[in-house]
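Visitor: everything below, folded, please.
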Amino acid sequence: MDTTPNPRPGLYIGLISGTSVDGIDAALVAFDEDGGCELRAGHTRPWPGVLRERLVELGQGGAARSLDEIATLDVQVGEHFAEAARMLLAEAGVAPGDIVAIGSHGQTVRHRPAGALQDGCHPFTWQIGDAHVIAERTGIPTVADFRRRDVAAGGHGAPLLPALHEALLRTADEDRAVLNLGGIANLTLLPGDAEAPVRGFDTGPANCLMDAWCVRHTGHAYDAEGAFAASGHVDPDLLARLLDEPWFAAPPPKSTGREQFHLDWLTPRLRGNERPEDVQATLLELTACTVADALMATLPGTRRVLACGGGVRNPLLLARLGARIPGAVVASTAVHGMDPDLIEAMGFAWLARQALAGLPGNLPSVSGARGPRVLGVVHPA
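Guide: Okay, here's the model as predicted:
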């Protein structure tokens, strides 16, 4: 008798707030018995300004003021995640009882897969957003804490979505890559050869440095359509100093976060007399360059780059990526019917489904873990 667990079909919710901390994305996803999925609805809940500022500060290495503060933030983040799920259901006209489970990523406050001292000892990753609170406030079983099991198994705990990308976007017709342009950029490599493994890794900053520099010099949270960068010119000397960062040359598997790439990383590399718009243009070029270099080094035959995340709305960034990746079409995942703003949230709905079925959620070829692992902890309703 076949005892292989089968994922339960039905409606799931995925919740995530990424490195940019620009809002909580909630996706209502329907899975069928054959593993197919359909996005039914989406909702984004902005963070309150003061809370967002504190989460950004912690995420880029700021010290916690006390254990009480961290515990309180854990509950606060859980409350906001729960409200995002509740608003999604209200807008979609779906009752909580119709949802099989919620998959919640939480908010990363530290990601140290090499250990806090970068010596390989005691690696960890930490996402807050109390899933007990989410389950209690929504009345829906909630799966959370997806990354730490992979790290415990020797992996990076990131990226976690290449398995979903493989299921939805891989084809035998061509080599493809899925590029997530959030605060940090990461690639999923989908070779056309069915025997070749899927790989994935972070490439460096996507929007986190550009957003931070834009806030400092314009007061705006991000560079709308790349206009600030377009008003400047790339500084080749500054670009060379930025690219001299040893992390960029490290081989996969690898991952990073806001705690490494922030303005305190940038400032020592500035001469001090640069025009702000030229720095912005150079930071955009840094993203394009590091993504393109990583892709050409690992899957040089790529013919299609499918982009998602907030960076998709920056036409200058997409243009520079296209110029640096010869022979490849760079386009939004929207051309394949997948909302680029909600793919990550959809992924955590998928991970919740995997966890409930007792099926692996990671790909060792991506994270470097010692083997497939069931990811996530189930919190009953």
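Visitor: list the contacts for Pro162?
Guide: 178, 188, 198-200, 363, 366 (Cβ atoms under 8 Å, 6 or more residues apart in numbering). Backbone N, C-alpha and C define where each C-beta goes, glycine included.
Visitor: which among the residues you listed gets closest to Leu299?
Guide: In terms of Cβ to Cβ, no member of the contacts of Pro162 lies closer to Leu299 than Arg199, at 7.8 Å.
Visitor: what's around that closest one, how many residues?
Guide: 20 (other Cβ atoms under 10 Å).
Visitor: could you do Arg110 as well?
Guide: Arg110, neighbours per other Cβ under 10 Å, totals 17.
Visitor: name the element it belongs to?
Guide: Take DSSP states H and E as the rule and Arg110 turns out to sit in strand 107-112.
Visitor: neighbouring contacts of the following helix or strand past that strand?
Guide: Note on strand 107-112: by DSSP H and E, the next helix or strand toward the C-terminus is strand 124-128. Contacts to strand 124-128, defined as Cβ under 8 Å, 6+ apart, come from residues 70, 73-74, 77-78, 105-113, 115-116, 144-145, 147-148, 151, 157-158.
Visitor: now, of those, which are buried?
Guide: Neighbour counting by 16 or more other Cβ atoms under 10 Å classes 73-74, 77-78, 105-113, 144-145, 147-148, 151, 157-158 among those as buried.
Visitor: and the longest helix seen in the chain, how far out from the chain's middle?
Guide: The residue-count maximum for a helix in the chain (DSSP state H) belongs to helix 67-92. Relative to the chain's own centre, helix 67-92 is displaced by 19 Å; criterion: Cα atoms, centre = their mean, to the nearest Å.
Visitor: ok, now stretch 277-295?
Guide: Per Cα atoms, centre = their mean, the centroid offset for stretch 277-295 relative to its chain is 18 Å.
Visitor: at which residues are the helices of the stretch 201-350 of the chain located?
Guide: Counting by DSSP state H, counting those that start in this stretch, the stretch 201-350 of the chain has helices at residues 208-218, 227-230, 236-243, 246-249, 263-266, 276-298, 315-324, 343-357.
Visitor: out of those helices, which is the most enclosed?
Guide: Highest mean neighbour count among those (mean count of other Cβ atoms under 10 Å): helix 343-357, with a mean of 26.
Visitor: mean confidence score for that helix?
Guide: Averaged over helix 343-357, pLDDT sits at 97.
Visitor: convert the C-alpha atoms of that helix to CSV, please.
Guide: Extracted in CSV, the C-alpha atoms of helix 343-357 (Å, rounded to 0.1, in the frame of the first residue of the first chain):
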residue,chain,number,x,y,z
ILE,A,343,4.8,35.2,-5.5
GLU,A,344,6.7,35.1,-2.2
ALA,A,345,3.4,35.1,-0.2
MET,A,346,2.1,32.4,-2.4
GLY,A,347,5.3,30.4,-1.6
PHE,A,348,4.6,30.4,2.1
ALA,A,349,1.1,29.1,1.5
TRP,A,350,2.8,26.3,-0.5
LEU,A,351,5.2,25.7,2.3
ALA,A,352,2.4,25.4,4.8
ARG,A,353,0.8,22.8,2.6
GLN,A,354,4.0,20.9,2.4
ALA,A,355,4.4,21.0,6.2
LEU,A,356,0.9,19.7,6.9
ALA,A,357,1.5,16.8,4.5
